[in-house]
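[1] Give the three-dimensional model of this entry:
(2 chains)
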Amino acid sequence: MLQYFKPAAFMLLILTAITGIAYPLLVTGIAQAVFPSQANGSLIMQGGQPVGSALIGQPFSDPRHFWGRPSATAPFAYNAAASSGSNQGPTNSALADAVTARIQALHEADPHNKAPIPVDLVTASASGLDPHISPAAAAYQIERVAKARKLSAVKVQELVQRHTEGRQLGVLGEARVDVLALNLALDALR
Amino acid sequence: MTANSLLQIALYVGVLLALVKPLGGYMAGVYEGQVRWLAPLERGIYRLCGVSAGEEMRWTGYAVAVLLFNLLGALAVFALQRLQGDLPLNPQNLPGVSPDSAFNTAVSFATNTNWQGYSGEVTMSYLTQMLGLTVQNFVSAASGMAVLVALIRGFTRRNAGTIGNFWVDMTRSTLYILLPLSLILAVILVGQGVVQTFNPYQAVPLIETVGYEQPKTGADGQALKDAAGKPVTEKVEAHEQTLALGPAASQVAIKQLGTNGGGFFNVNSAHPFENPTPLSNFLEVLAILLIPAALCYTFGAMVGDTRQGWAILAAMTLVFVAMIFVTVPAEQSGNPALAALGVDQSAGAAQSGGNMEGKDIRFGITNSALWAVATTAASNGSVNAMHDSFTPLGGMIPMWMMQLGEVIYGGVGSGLYGMIVFAVVAVFVAGLMIGRTPEYLGKKIEAYEMKMAAIVILIPPLLVLGGTAIAVLVEVGKSSVANPGAHGFSEILYAFSSAGNNNGSAFAGLSANTPFYNFMLGLAMLFARYWLMVPVLAIAGNLAAKKIVPTGPGTLPTHTPLFVGLLIGTVIIVGALTFIPALALGPVVEHLQMMGKT
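    Have a look, this model is predicted:
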């Protein structure tokens, strides 16, 4: 037993130095040299100031903006310092109540839109920080945003198109619309 | 299922299988001592530790070395968490972790479970994440691989008293396999957007301010209460968003490759900073099964008959693929409760549709469901979607994959040694049916091996069902449940299935960061890891001492489709008979309730 104590303790110390210090520092060094923007949070800079992260969504409830996924983070939606999903089960009545309230909010902001609502617009994301909505969810909101901004739907449609990404390499993942970038572009029109 | 869904699944399984032979052959070279490109570093480590690389251990010595090394590792993680408030590299000034949570996390990471009772970005300092968690990600994985190699030596050696040197096997697993792969993966992940920085959290302005209620505190710092005793809240507005950062990529890479699964952030690989793009997702989910699958080839190469490895890989892959084709359609079918509200859940070019609660858009249904099956097939336990919000059947499959004993790929090393134990049982059962002495790879399987195999197979169900039974009997167990009804029971069953098989994923609605769950699940993780490792090493030691029986006409070939079927049958029957009653009370009831309402 005791004969194993010294190797066990020294192994732990040396492997800590290698895998817990040298390895993360090496990765950090390479990352900061080769991919500095990504390594530091993919910040969107405007006039030298960060205005958000290209990977992290923000809360939107103004009819003039496209709305993103509902977020379950606390104490406020899209709190990027405390990521969280809702963890509501499919048969939990709280889930149905939450979805009902979200449907109502969408209808209040856009009373004439009777189209069925795409599911991602009324269900909370896994991370609570999802920066994307589906192209269907964006299409559902085009009329509302166009009217609120007194723009033509075609113009807004074009912007949406520009911020829509297909599947990566044509195969992987799902098509998606970057909500924050789209809203920043809308605000820049003024 | 959509055509793209099938294509993504085929691509995943295809790339995984294509990498098995190159990586598996390389790993065999590492363990047989042919791969030596880091020999100077290796020699230096042995010299500092006073280890002589040529000195072999009996199985008992090997077991003591594993246990002692893991114990010291757990103590180090415990101490780091308790003391982090006074240690450097803590830009958010996070305080020390509570004793019960620190115990749970220390056990969790030393046992390669990586169950997370805590939330990473609000609990762990950068120092704890690096020196504690990242290190255990490496060495707990390496420990599992070492034990596997020892077991393989049990089959290849004849009349031998020793099964190798743990320090050498563990060091080589870390240096030659885990570190290089992690380095490559980490750098690619940063390129996709995974953060890797020591900067403090970054505040950015919000375009729209958001109002919320928070408890009001008085001048004394205590929460104010109104006349009725209810907490008083005040309206506040958030004008900015704080982005949690940190050295994440280096940890995410090994968390995936070492079947660890403990995320840097609370929501694990659902967090855009841990898994930003479909490509990062593909690589991360590939990394989950990469080493466990390739080790099958290593096994075959080391026993001198690669067909043996392919047979085991075939058994694993068949079960895995079958389960994908249950989970993906279950999630794609959506939630009837939402359909009743008029929500559009249909799949199409413009949306993935389906049950999107607890899933992020970039992954959609296919990648969320695929990940869920892969992460529970292996004892990884990282998530990119919230399993608690899966449909009842979609969530049952991950739960059952864990309950099968983490042998469908399983943990690095531990999955294959578990599966080899099942193969031993399968050979024994077949031997009984045809009336011959069972042999596996030229070694006679006798009473001692079967006793040890029975321990390995029976302990996890005991931990899972026993733990669940205790938790549902006591108030402290039930009060942590988040979802009502049958789903609440599923949350508890899932937690013990996860801890009792060293997986680490969760139905995360369960508030598991309580003294009761921290303690109970901590114990389950300890027993599930070491009460299996020791009997496996005992089998290894006992087999190594035996002579090798030449194959004769009465030998059951263990590389044929027949044996693959027998092996699958053994795993499934044990898993099904043990857990169907418990599953019936959770996901099955919930499924019937959900379908009955519409």
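[2] pLDDT of stretch A:7-23, averaged?
    Per-residue pLDDT over stretch A:7-23 has a mean of 96.
[3] the bottom helix or strand of chain B by mean pLDDT?
    Least confident helix or strand of chain B, by mean pLDDT, DSSP states H and E, is helix B:120-123 with a mean of 84.
[4] neighbours around whichever residue of chain A sits closest to chain B, how many?
    Nearest residue of chain A to chain B, counting by C-beta to the nearest C-beta: A:Gly173, 2.5 Å away. C-beta: built from backbone N, CA, C; applies to glycine. Number of residues near A:Gly173 (other C-beta atoms under 10 Å in any protein chain shown) recorded here: 27.
[5] how distant is the lengthiest helix in chain A from the center of its chain?
    Secondary structure of chain A per DSSP state H: the longest helix is helix A:93-109. Its chain's C-alpha centre and that of helix A:93-109 lie 20 Å apart, by C-alpha atoms, centre = their mean, to the nearest Å.
[6] For that helix, enumerate the helices and strands it packs against.
    The contact analysis (3 or more C-beta pairs under 8 Å, 6 or more residues apart in numbering or on different chains; DSSP states H and E) places helix A:93-109 against helix B:336-339.
[7] and the helix it packs on with chain A, contact?
    Yes - for helix B:336-339 and chain A, the contact criterion (C-beta under 8 Å from any C-beta of the partner chain) is met by B:337-338.
[8] So which elements touch that helix?
    So helix B:336-339, by 3+ C-beta pairs under 8 Å, 6+ apart, packs with helix A:93-109, helix B:589-596.
[9] Quick one: closest of the ones you listed to A:Gly47.
    helix A:93-109 (30.8 Å; C-beta to C-beta).
[10] Can you list the strands that whatever helix or strand comes next after the closest one pairs with?
    Counting by DSSP states H and E, the next helix or strand C-terminal to helix A:93-109 is strand A:117-118. Under the criterion DSSP bridges, strand A:117-118 sits next to strand B:343-344 (parallel) in its sheet.
[11] Give me the contacts around the partner strand.
    Residues outside strand B:343-344 that contact it (C-beta atoms under 8 Å, 6 or more residues apart in numbering or on different chains): A:99, A:103, A:116-119, A:122, A:136, B:351, B:353.
[12] Mind doing that once more with 6 Å?
    A:116-119, A:122 (C-beta atoms under 6 Å, 6 or more residues apart in numbering or on different chains).
[13] repeat for stretch B:139-147
    A:15, B:66, B:110, B:112, B:166, B:169-170, B:173-174, B:258, B:411-414, B:417, B:533.
[14] Name the SS class of the residue nearest to B:Leu178 when sequence neighbours are not counted, please.
    Nearest non-adjacent residue to B:Leu178, counting by C-beta to C-beta, 6 or more residues apart in numbering or on different chains: B:Phe138, 5.4 Å away. Secondary structure for B:Phe138, judged by DSSP: H, G, I helix; E, B strand; the rest coil, is helix.
[15] residues near B:Phe138, how many?
    Neighbours of B:Phe138 (other C-beta under 10 Å): 26.
[16] ok, the residue nearest to B:Gln308 when sequence neighbours are not counted - contacts?
    The spatially closest residue to B:Gln308, leaving aside those adjacent along the chain, is B:Gly300, at 4.8 Å (C-beta to C-beta, 6+ apart). Shown in contact with B:Gly300 (C-beta under 6 Å, 6+ apart): B:306, B:308-309.
[17] Please tell me the pLDDT value assigned to the closest residue to B:Ala423 other than its chain neighbours.
    Once flanking residues are discounted, B:Ala423 sits nearest to B:Leu567: 5.7 Å by C-beta to C-beta, 6+ apart. Listed pLDDT for B:Leu567 reads 97.
[18] Which helix or which strand is home to residue 67?
    Went with chain A since none was named. Under the criterion DSSP H and E, no helix or strand holds A:Trp67.
[19] actually it's chain B I care about, not the one you picked
    Residue-wise, B:Leu67 maps onto helix B:59-83 under DSSP H and E.
[20] do the same with B:Ile291
    Here B:Ile291, judged by DSSP H and E, is contained in helix B:278-302.
[21] what about that helix, average pLDDT?
    For helix B:278-302, the mean per-residue pLDDT is 98.
[22] Could you give the separation of it from the chain centroid?
    13 Å.
[23] Could I get the contacting residues of the closest residue to B:Gln136 other than its chain neighbours?
    Nearest residue to B:Gln136, sequence neighbours excluded (C-beta to C-beta, 6+ apart): B:Phe109, at 3.8 Å. B:Phe109 makes contacts with B:77, B:133, B:136, as judged by C-beta under 6 Å, 6+ apart.
[24] Dump the residues you listed into JSON lines; add neighbour count as well.
    Formatted as JSON lines, those follow (neighbours: other C-beta atoms under 10 Å in any protein chain shown):
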{"residue": "B:Val77", "neighbour count": "24"}
{"residue": "B:Leu133", "neighbour count": "28"}
{"residue": "B:Gln136", "neighbour count": "33"}
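[25] Dump these to TSV, plus pLDDT.
    Below are those laid out as TSV (pLDDT from 0 to 100):
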residue	pLDDT
B:Val77	96
B:Leu133	94
B:Gln136	96
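[26] which one of those residues is nearest B:Leu341?
    B:Leu133 (41.5 Å).
[27] now the nearest residue to that closest one once chain neighbours are set aside: how far from B:Phe78?
    Setting aside the residues directly before and after it, B:Leu133 is nearest to B:Phe109 in space (C-beta to C-beta, 6+ apart), at 5.6 Å. Separation of B:Phe109 from B:Phe78 (C-beta to C-beta, to the nearest Å): 10 Å.
[28] Run a quick neighbour tally on A:Val34.
    The tally of other residues near A:Val34 (other C-beta under 10 Å) stands at 12.
[29] cool, and B:Gly33?
    Neighbour number of B:Gly33 under other C-beta under 10 Å is 11.
[30] what about residue 63, neighbour count?
    Just going to use chain A. Count around A:Pro63 with other C-beta under 10 Å applied: 17.
[31] The intended chain is chain B.
    Neighbours around B:Ala63, by other C-beta under 10 Å: 24.
[32] B:Ala374 in helix, strand or coil?
    B:Ala374, by the three-state scheme (three-state DSSP), is helix.
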